[in-house]
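Colleague: Sequence and computational prediction follow.
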Amino acid sequence: MNVIGLDMGTTTLSAVVVDSENGSMPQVMNIANGAAMPAVDPFDRLQDPEVIARRALGLVTALKEKYTVAAIGLDGQMHGIVYVDAEGRAVGPLFTWQDQRGEEPLGDTTYAGELARRTGRPAATGYGLVTHFWNVLNDRVPKGATKLCTIYDYIGMRLTGRKAPLLHVSSAASMGLVDPLTGQWDAEAVHRAGMDPGILPEVTGDFAVIGRDPDGIPVCCGLGDNQASFIGTVRQMEDSVLMNMGTGGQISMLARSPLSTGDLEARPLGGGRSILVGSMLCGGRAYALLEGFMRSCAKLAGDADHPLYEAMNRLGLELLDDDRPLTVDTRFNGTRTQPALRGSVTGIGIDNFDAGHLVAGTLLGMARELHDLYGAMLAAGNAPATRMIGSGNGIRRNPALKRAFEKTFGMPMQVPTHAEEAAFGAALAAMVAAGLKPSLAEAQRLIQYN
């Protein structure tokens, strides 16, 4: 049976068809999000939910015309919010995770800081309830709003005709003010912040069917894209660690505790489990910065301005095991707890001050930064992983970075045969919700590695 996984990203909408019998992915479709709206205020980062809905539903329709579909799974960009009315239709824009109104000053702090102070819970700019807090205090909640939800939950409502959203705990937690021990909204904290808990939707920790589309196909409640990617990438979650390297960089593994600590964030996965996530603020951009530096040097020598990634990858592979290394600290944009921190290059000598050693040092620095976060995970009580999984274009397209991770962690890295990991994970969750698979572990047996 075929299952659709629909991923609603900030810039791209992706849809995949997954065969629930063998895990093959016969169809992948990607289209531009194309829903950006002009800013009214400087802090606005808005998108049009109706544009996203029209394009997402079009993807589903196109796939249903080609395949017999047994279930539909959803995931997408976390943190942002859409307000809906009593009929389940959007009122106002999608306030995305990039929205900056939480950084606006309020007294001696910011709106995000004030929400954290009033509630005693973490609050960061871009979190849905930080955005809502600003809207409440400035009388900017759209007229007619009765509930708020994520954009992918709104797509689920449009697919099924639901009038009120049902959020998976992975989505609710991304908005803030969810009790990590209960997986439910902290209603008292919401009250202390001066907001009405009645606008918050129902939350479930299960892979639940929220309804059926006009053709009777069950639709699963949406997942946060980080958790969906973990589900769709890691076949044996109990003893694996996941590296994701794209524009950013993350390390994830099952959490011993649902509580965040230091630079590590515990994110609910559902079923009473959480993943512990450590994020690089620079991530794959560190390599892009180096490529830009290399390109500027080439231009000084009169060379044409063209990408140098392939040449850099070759140099990196050649020199990763060289005994004259450069040590590159890739925290060029700081860390979450030390935002003022900056990177460095040390160990420079007369025999290693060249392009190849700088490339190899940067690759190893990127791997070492996530390895340091891995050490923090072990210090927090997690057992050492016996399997390392890699995902993201930074790893898929760069064998030198894959090798740098293997050298740094001392274990081989497996990479899934499928891309679009988040959409794949949403499809696996839908298989469980619709009863096509008896458990998530059974669904994850479909994951194959290169």
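Modeller: Perfect, thanks for sending it. Keep in mind that this is a model prediction, so the values were computed, not measured.

Colleague: Can you pull out the low-pLDDT segments for the stretch 1-150 of the chain?
Modeller: Within the stretch 1-150 of the chain, not a single segment meets pLDDT under 70.

Colleague: Longest helix in this structure, please.
Modeller: Among all segments of the chain classified by DSSP state H, the helix with the greatest residue count is helix 355-379.

Colleague: Which positions in it come out as buried?
Modeller: 355-371, 373-374, 376-377 (16 or more other CB atoms under 10 Å). The way it works is simple: take the backbone N, C-alpha and C, and place the C-beta from them, glycine included.

Colleague: for stretch 62-73, same thing?
Modeller: Buried residues in stretch 62-73, defined by neighbour count with 16+ other CB under 10 Å: 63, 64, 67, 69, 70, 71, 72, 73.

Colleague: Does the first one belong to a helix, a strand or coil?
Modeller: Right, the one you point to is residue 63. Following DSSP: H, G, I helix; E, B strand; the rest coil, the label given to residue 63 is helix.

Colleague: Please report how far it lies from residue 421.
Modeller: 18 Å (CB to CB, to the nearest Å).

Colleague: Next: the second one.
Modeller: Computed with CB to CB, the distance linking residue 64 and residue 421 is 23 Å.

Colleague: ok, back up a step: what's the longest helix of the chain packed up against?
Modeller: strand 240-245, strand 249-254, strand 264-270, strand 273-280, helix 285-300, helix 309-319, strand 327-329, helix 399-409 (3 or more CB pairs under 8 Å, 6 or more residues apart in numbering; DSSP states H and E).

Colleague: Out of those, which is closest to residue 204?
Modeller: strand 264-270 (8.2 Å; CB to CB).

Colleague: Tell me the helices and strands packed up against the closest one.
Modeller: Partner elements for strand 264-270 (3+ CB pairs under 8 Å, 6+ apart): helix 169-175, helix 225-231, strand 273-280, helix 355-379.

Colleague: Just want the angle from the last one to strand 264-270.
Modeller: Angle between the axes of helix 355-379 and strand 264-270 is 70 degrees (criterion: axes from the mean of the first three to the mean of the last three CA atoms, to 10 degrees).

Colleague: between helix 355-379 and strand 249-254, what angle do the directions make?
Modeller: Using the same axes, to 10 degrees: helix 355-379 against strand 249-254 is 30 degrees.

Colleague: got it, and the third one?
Modeller: For strand 273-280 and strand 249-254, the angle between their directions (the same axes, to 10 degrees) works out to 160 degrees.

Colleague: strand partners of strand 273-280, parallel vs antiparallel please.
Modeller: strand 249-254 (antiparallel), strand 264-270 (antiparallel) (DSSP bridges).

Colleague: Need the residue in the chain that's farthest from the chain's center.
Modeller: Centroid-distance maximum for the chain: residue 350 at 42.0 Å, with CA atoms, centre = their mean.

Colleague: Am I right that that one sits in a strand?
Modeller: No. Read with three-state DSSP, residue 350 is coil and lies in no strand.

Colleague: what's it sitting at in phi/psi?
Modeller: According to degrees, to the nearest 10, the main-chain angles of residue 350 amount to phi -70, psi -20.

Colleague: now it: how far from residue 365?
Modeller: Distance, residue 350 to residue 365, using CB to CB: 21 Å.

Colleague: The residue lying closest to residue 261 once chain neighbours are set aside: what's it in contact with?
Modeller: Counting by CB to CB, 6 or more residues apart in numbering, residue 261 lies nearest to residue 380, which is 5.5 Å off, once chain neighbours are set aside. Contacts of residue 380 were listed using CB atoms under 8 Å, 6 or more residues apart in numbering, and they are 256, 257, 261, 264, 276.

Colleague: ditto for residue 146
Modeller: 84, 85, 86, 164, 199.

Colleague: Any of the residues you listed buried? List them.
Modeller: Applying 16+ other CB under 10 Å to those flags 84, 85, 199 as buried.
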